[in-house]
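*Asks:* Okay, predicted coordinates and the sequence, questions at the end:
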Amino acid sequence: MLTAGPKGTNDILPGEIEKWHYIEQHIRNICTQYGFSEIRTPIFEHTELFKRGVGDTTDVVEKEMYTFQDKGGRDVSLRPEQTACVARAYVEHKLYAQPQPVKVFYIGPMFRYANVQAGRYRQFHQFGIEVLGSKDPVVDAEVITMAMDFYGRLGLRDLELHINSVGCPQCRPLHRQKLHDFLAGNVDKLCKQCQSRFSRNPMRILDCKESECQDVSHGAPTTTDCLCDECADHFAKVKKFLDQAGIKYIVNNRLVRGLDYYTNTAFEIMASDIGAQSSIGGGGRYDGLIEQVGAPQPTPGIGFALGIERIIATMERQNIEFPGPLKYDVFIAALGEPARETAFKLLYNIRAAGLTADMDVMGRGLKAQMKYANKFATRFALILGDEELSKGVAVIRDMKAAAQEEVPLEKVLEYLRNGQ
RNA sequence: GUGGCUGUAGUCAAGCGGUUAAGACACAGGAUUGUGGCUCCUGCACUCGUGGGUUCGAUUCCCAUCAGCCACCCCA
């Protein structure tokens, strides 16, 4: 029990963490270029925030939240996503009083209590951005473009970008009604699952892989068929801007996102390399959310969230190279206590000079120390024994060239520096 | 929440109702004096996820539980 972490959580160990650092570095680079600043919000929030923001009938809120009471009796939840948190922070700190739009990004753990499978964990990590304050379709295109640019720079291939417009609170009910009417006569022909979807969420029927269901839903009204003029115009412009940027996309009229706050543009990026959980990122516009969370005036917003575990999994499947493990510039093999004292002082100075260095702390013999140094792809081994000490030198061995020479102790630092 | 598969050392694993649980990699030590990557030798599971049960006897069979993997739902 105590020797295993909770289900669905992962330790990120040396050897793995380098991948995370690499991706985080990419995130910070690209966000800076696109004009986004980082925002850090709490890991937990009032449960009410997610109920109001994400929607209390969504699966995420209804059955996947880690919710508990703190010792003061407050109802709090570990965040299942961060958009609602950002919206809250925007309102709380009156960021609407700053130059608009506000562009922020976040990286951090999210928590959802769902069964674990390939690419899905209970604690997982998302990188996301939010643009708050503009409803210009060019922002929709910018956000989507940035996501694709991000994947592209990491070297990911064969991704599919699906986009759709789910309309606004005016046109969405119309679509639902039309869809309902369209399917109503053939409910009994649908698979068992879809029969239950019919009343709950008829849009998902369009997604079903069963051939009967596909037959029944063939020609069904799509969300884009039912858009009001304003939403249709918005969507058309988003596509036009994407075309301008040369971003390839698939208009997927069946794309529906599971969080209630989405309006107009919705998109999802799919990779086929990680099992059934093929979505490696998604997002959309949420023009009603920020008001829902208490903004004094209508505030549009749009953003995306990308799953870091899924990105890493996809990169691994595609054999994309990550930076290698820790390497030493210098390893000091010291023999005997007097040599160790000198070695320790040397080590300090070598590190202070900016090199990556270490020395033996296992009491190993010379041979074993050399072996150890070799395992860390060490550039130089510095050998220091009684013999060298009495001569006031150290043997510096270039591990790759398998050549070595004696260097006076006071010149060691200079020698190593020049060796770089 | 539902369903399927799995659980032997750090990793990959063989095994099987019955004396000392293969092997490989990794790790550690060694192969005449103080030198790595190759080779060779040695060491490394009182025990087969955990708890019960069946049995003369279980790592091998059964049940439960926990964990891992996979799928549905949903999502990143």
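*Replies:* That came through fine. Numbers count the residues shown, from 1 in each chain, chains lettered A, B, ... in the order given.
*Asks:* residue ranges with poor pLDDT in the stretch 1-150 of chain A?
*Replies:* By pLDDT under 70, the weakly predicted segments of the stretch 1-150 of chain A are A:1-3.
*Asks:* So which residues on it come close to RNA strand B?
*Replies:* For the stretch 1-150 of chain A, the residues in contact with RNA strand B (Cβ under 7 Å from any atom of the strand) are A:1, A:4-9, A:58-60, A:63-64, A:81, A:112, A:114-122, A:124, A:126. In short, each C-beta sits where N, CA and C put it, glycine included.
*Asks:* Cross these against strands and list the overlap.
*Replies:* Using DSSP state E, the members of these that fall in strands are A:Phe124, A:Gln126.
*Asks:* among the residues of the stretch 1-150 of chain A next to RNA strand B, which ones are buried?
*Replies:* Buried members of these, counted by 16 or more other Cβ atoms under 10 Å: A:Gly8, A:Thr58, A:Val60, A:Glu81, A:Arg112, A:Gly119, A:Arg120, A:Tyr121, A:Arg122, A:Phe124, A:Gln126.
*Asks:* buried ones in whichever strand or helix holds A:Leu174?
*Replies:* Taking DSSP states H and E as the definition, A:Leu174 sits inside helix A:172-184. Neighbour counts using 16+ other Cβ under 10 Å place A:Arg172, A:Leu174, A:His175, A:Arg176, A:Lys178, A:Leu179, A:Leu183 of helix A:172-184 among the buried residues.
*Asks:* Give the rounded mean pLDDT of it.
*Replies:* Helix A:172-184 shows a mean pLDDT of 82.
*Asks:* Packing partners of that helix?
*Replies:* With contacts taken as 3 or more Cβ pairs under 8 Å, 6 or more residues apart in numbering; DSSP states H and E, helix A:172-184 sits against no other helix or strand.
*Asks:* does RNA strand B sit close to that helix?
*Replies:* No: judged by Cβ under 7 Å from any atom of the strand, helix A:172-184 and RNA strand B are separated, with a smallest distance of 14.4 Å.
*Asks:* who's in contact with the residue of the stretch 101-250 of chain A found nearest RNA strand B?
*Replies:* As assessed by Cβ to the nearest atom of the strand, RNA strand B sits closest to A:Ala118 within the stretch 101-250 of chain A, at 3.0 Å. Counting by Cβ atoms under 8 Å, 6 or more residues apart in numbering, A:Ala118 touches A:Ile274, A:Gly275, A:Ala276, A:Gln277, A:Ala313.
*Asks:* top of those residues by neighbour count?
*Replies:* Tallying neighbours with other Cβ atoms under 10 Å puts A:Ile274 at the head of the contacts of A:Ala118, with 22 neighbours.
*Asks:* for it, what are its contacts?
*Replies:* Contacts of A:Ile274 were listed using Cβ under 8 Å, 6+ apart, and they are A:Ala118, A:Gly119, A:Ile280, A:Arg310, A:Ala313, A:Thr314, A:Arg317.
*Asks:* Could you rerun that using 6 Å?
*Replies:* Listed by Cβ atoms under 6 Å, 6 or more residues apart in numbering, the contact set of A:Ile274 reads A:Ala118, A:Gly119, A:Arg310, A:Ala313, A:Thr314.
*Asks:* Which one of the residues you listed is nearest to A:Val412?
*Replies:* Nearest to A:Val412 among the contacts of A:Ile274, counting by Cβ to Cβ, is A:Ala313 at 44.7 Å.
*Asks:* what does stretch A:100-116 rub up against?
*Replies:* Stretch A:100-116 is touched from outside by A:8, A:27, A:31, A:35-39, A:64, A:66, A:78-82, A:95, A:123-134, with contacts defined as Cβ under 6 Å, 6+ apart.
*Asks:* Keep only those of those that are in helices.
*Replies:* Among the contacts of stretch A:100-116, the ones falling in helices (DSSP state H) are A:Ile27, A:Cys31.
*Asks:* Make a ChimeraX selection of whichever of the contacts of stretch A:100-116 turn out to be buried.
*Replies:* Burial among the contacts of stretch A:100-116 is assessed by 16+ other Cβ under 10 Å; the matching ChimeraX selection reads:
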select /A:8,27,31,36,39,66,78,79,80,81,82,95,123,124,125,126,127,128,129,130,131,132,133,134
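*Asks:* from memory A:Ile129 sits against A:Phe36, does it?
*Replies:* Yes: here A:Ile129 reaches A:Phe36: they are 5.5 Å apart, a contact under Cβ atoms under 6 Å.
*Asks:* of all the residues in the stretch 301-420 of chain A, which ones are close to RNA strand B?
*Replies:* Residues of the stretch 301-420 of chain A lying near RNA strand B by Cβ under 7 Å from any atom of the strand: A:305-307, A:309-310, A:335, A:362, A:364-368, A:370-375, A:381, A:383, A:385-388, A:395, A:397, A:399-400, A:402, A:404.
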